[in-house]
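Asks: fold the following and give me the result.
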Amino acid sequence: MRFATLGLFHEANTFSPFKADKRLFEDGGVFRGDEIIAEYDGSATPIGGYLEECRRRGAELVPLLQANVTPVGAITEDAFESLVGEMLEQLRDRGPWDGVLLNIHGAAVAEHIPDADGEIAARVRQIVGPDVPVGAVLDMHANVSEKLVEALTITLVYQTNPHVDAREKAVACTKLVLATAEGTIKPEQALVQLPLVVNIARQDTSEPPMSELVEKAQQLENGLLSVSVVEGFPYADVPQMGMSCIAISDGDAQQAEAAAQELADEVWRRRGELQARGTTVDEALDIAEREQGPVVLLDVGDNIGGGAPGDSTVILEAAIARGGRSLVQTLWDAESVRQCGEAGVGATVTLEVGTRNVPVTGVVKALSDGRFEEPKPTHGGYRFFDMGPAAVIETDAGHTLVLSTKAILNSSLQQLLSVGVDPSSFQIVVAKGVNSPRAAYGPIAKRMIVVDTDGVTAMGLERFTYQHRRKPMFPFETGQ
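Replies: Numbering: from 1, shown residues only. Have a look, this model is predicted:
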């Protein structure tokens, strides 16, 4: 068996002013050929799982092109057509193939194509023809369209949030694509799209109601190839935005449809429980000051994993105003990193940090190239990280800021440990995310608090103006 693997992996926040252009992709996010193996082999990512299972089964997996970018706004037309065009040209020229394993997110949006993942899968299908099995493992935040599922033979979805089962699902996907190629199974897929959005603060799969919906999907999987509940991504203003359910049977379309619908009915019944309101900044700091630390404050509005820039200082400013000390957080601030680099380790600097130019004075404690490795499975399974040139400053107000030139998810403790900062020694840790930091910070946190801050990933979806979503949709229209 000879398989191809390729993909463009992006979660697009259409409310972000920053576009995913060619420069952003090429700045460490595009891997070709053997570069893909060097980057992902042995990791807990989907590609890591594809490589692992193909090697175990003696199938040849040919890596073509993989493009990734930290969540921001829509992909520019130039970047999309250039990258997708290159990968599809290789797919066409280096065939024929016994199967294709795609690495796509499921919530990608291009400026000219709202359903970017569906378009990629459809173009792959056009090249390989109707009989070659094509599989993909989607992020649990995928906004799944009929076009995407119709183009794929096997559609699996992470069932953990934080996403720590990416490799496991990729191994399962590879097995199913292999079995399809060998003719031992005939997958039939069913998709049910729900007119429903789950609040970002109700998406942790270790807590009800999501834990119980995942359990329901597992129960329905008895006798089927796969059943998935999909949370969707509410910060993409596209028609396919929202929760969905996918079931795959072996040769029985009605069985798949019945399972997907039964799961969707249960999700809809729990729709009220899937909504939430957060804690204000002041309320969160009140709690954090009373509790034994470290207390992790999850900065919802500046959720890097949801497309926010990672430069908000709202919680920092409130802590400064209250005189609170022993706080650590990351900030995307290339100019401040530059100034720290020029001053050097040990120098005292006065900076204006973050998007609101908050004045701080402190000592530069460390400078770094910003590269680090996470040896354990974490959100998304990534192993190698690059936050660009970075600096650590300890301020006179008692706060420690880890400044970076690239915004990356706060999904690994190594982000701080690699620059000599021990997060467990602080009373308050500000994490720029909601679910992605939990796998990393959960083990050290005495408490984690979801803080309802403003930004392009704010909890309250009523703060956003949607133009392309379906109507009616809960909770926007509640009279359903």
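
Asks: going forward, measure contacts between C-alpha atoms and count neighbours the same way
Replies: Noted.

Asks: so which residue is dead centre in this structure?
Replies: Here the mean C-alpha position of the chain is nearest to the C-alpha of Gly305 (CA atoms, centre = their mean), at a distance of 5.3 Å.

Asks: which SS class is it?
Replies: For Gly305, the secondary structure call by DSSP: H, G, I helix; E, B strand; the rest coil comes out as helix.

Asks: quick one: Met87 and Ala4 touch, right?
Replies: No: counting by CA atoms under 8 Å, Met87 stays clear of Ala4, with 10.5 Å between them.

Asks: mind checking the SS state of the closest residue to Phe476 other than its chain neighbours?
Replies: The shortest distance from Phe476 to any non-neighbouring residue, by CA to CA, 6 or more residues apart in numbering, is to Glu462 (7.4 Å). Counting by three-state DSSP, the backbone at Glu462 sits in helix.

Asks: how far away is Glu462 from Ile127?
Replies: Distance of Glu462 to Ile127, given as CA to CA, to the nearest Å: 42 Å.

Asks: more neighbours, the two?
Replies: Neighbour count, other CA atoms under 10 Å: between Glu462 and Ile127, Ile127 has more, with 16 against 10.

Asks: quick one, phi psi at the more buried one?
Replies: Backbone geometry at Ile127, expressed as degrees, to the nearest 10, gives phi -80, psi -50.

Asks: any regions of the stretch 301-450 of the chain where pLDDT drops low?
Replies: 379-380 (pLDDT under 70).

Asks: confirm that Val429 sits in a strand.
Replies: Yes: assessed with three-state DSSP, Val429 lies in a strand.

Asks: got the contact list for it?
Replies: Applying CA atoms under 8 Å, 6 or more residues apart in numbering to Val429 gives the contacts Pro294, Val295, Val296, Leu297, Leu327, Val328, Gln329, Pro423.

Asks: list the contacts for the first one?
Replies: With contacts taken as CA under 8 Å, 6+ apart, Pro294 has the following neighbours: Pro423, Ser424, Ser425, Phe426, Gln427, Ile428, Val429, Ile444, Ala445, Lys446, Arg447.

Asks: and these as a markdown table, adding distance to Leu61 and secondary structure?
Replies: As requested, the contacts of Pro294 are exported to a markdown table (distance: CA to CA, whole Å; DSSP: H, G, I helix; E, B strand; the rest coil):
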| residue | distance to Leu61 | secondary structure |
| --- | --- | --- |
| Pro423 | 40 | helix |
| Ser424 | 41 | helix |
| Ser425 | 45 | helix |
| Phe426 | 45 | coil |
| Gln427 | 47 | coil |
| Ile428 | 45 | strand |
| Val429 | 42 | strand |
| Ile444 | 39 | coil |
| Ala445 | 40 | coil |
| Lys446 | 44 | coil |
| Arg447 | 43 | strand |
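
Asks: need the buried ones from those selected in ChimeraX.
Replies: Of the contacts of Pro294, the buried ones can be selected in ChimeraX as follows, counting by 16 or more other CA atoms under 10 Å:
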select :423,424,426,427,428,429,444,445,446,447
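
Asks: tell me which of the contacts of Pro294 is nearest to Lys19?
Replies: Val429 (29.1 Å; CA to CA).

Asks: distance check, the closest one against Asp333.
Replies: Val429 is 18 Å from Asp333, where distance means CA to CA.

Asks: thinking again about what came up before, give me the common contacts of Met87 and Ala4.
Replies: Common contact partners of Met87 and Ala4 (CA under 8 Å, 6+ apart): Leu64.

Asks: nearest to Val164, of the contacts of Val429?
Replies: Val296 (19.8 Å).

Asks: where's the residue nearest to Phe476 relative to Glu477, distance?
Replies: The gap separating Glu462 from Glu477 is 11 Å, by CA to CA.

Asks: what about the spatially closest residue to Asp204 that is not a sequence neighbour, distance to Ala439?
Replies: Spatial nearest neighbour of Asp204, excluding adjacent residues (CA to CA, 6+ apart): Asn161 at 5.2 Å. Look at Asn161 and Ala439: by CA to CA, they are 9 Å apart.

Asks: again, but for Ala334
Replies: Distance, Ala334 to Ala439, by CA to CA: 27 Å.

Asks: what's the answer for Glu374, then?
Replies: Counting by CA to CA, the gap from Glu374 to Ala439 is 12 Å.

Asks: which residues touch stretch 266-274?
Replies: Outside stretch 266-274, the residues that touch it by CA under 8 Å, 6+ apart are Leu194, Leu196, Val198, Asn199, Arg202, Gln203, Pro209, Met210, Leu213, Phe474.

Asks: now, the residues you listed that are in helices?
Replies: Secondary structure from DSSP state H places Met210, Leu213 of these in helices.

Asks: and which of the contacts of stretch 266-274 is nearest Asn357?
Replies: Asn199 (30.4 Å).

Asks: let me see the contact set for the closest residue to the closest one other than its chain neighbours.
Replies: Distance criterion CA to CA, 6+ apart; nearest residue to Asn199, sequence neighbours excluded, is Gln275 at 5.1 Å. Neighbouring residues of Gln275 by CA under 8 Å, 6+ apart: Val198, Asn199, Ala201, Arg202, Pro475.

Asks: also Phe18?
Replies: Here Phe18 is in contact with Val72, Gly73, Ala74 (CA under 8 Å, 6+ apart).

Asks: which phi and psi does the last one have?
Replies: Looking back up the chat, that one is Ala74. With angles defined as degrees, to the nearest 10, Ala74 sits at phi -60, psi 150.

Asks: what about stretch 105-120, how long is it end to end?
Replies: Stretch 105-120: ends 11 Å apart by CA to CA.

Asks: and the strand or helix carrying Glu257, average pLDDT?
Replies: Assigned by DSSP states H and E, Glu257 belongs to helix 253-269. Averaged across helix 253-269, pLDDT comes to 98.

Asks: off-centre distance for it?
Replies: Offset of helix 253-269 from its chain centre (CA atoms, centre = their mean, to the nearest Å): 26 Å.

Asks: so which bits of it are buried?
Replies: Under 16+ other CA under 10 Å, the buried positions of helix 253-269 are Gln255, Ala256, Glu257, Ala259, Ala260, Gln261, Glu262, Leu263, Ala264, Val267, Trp268.
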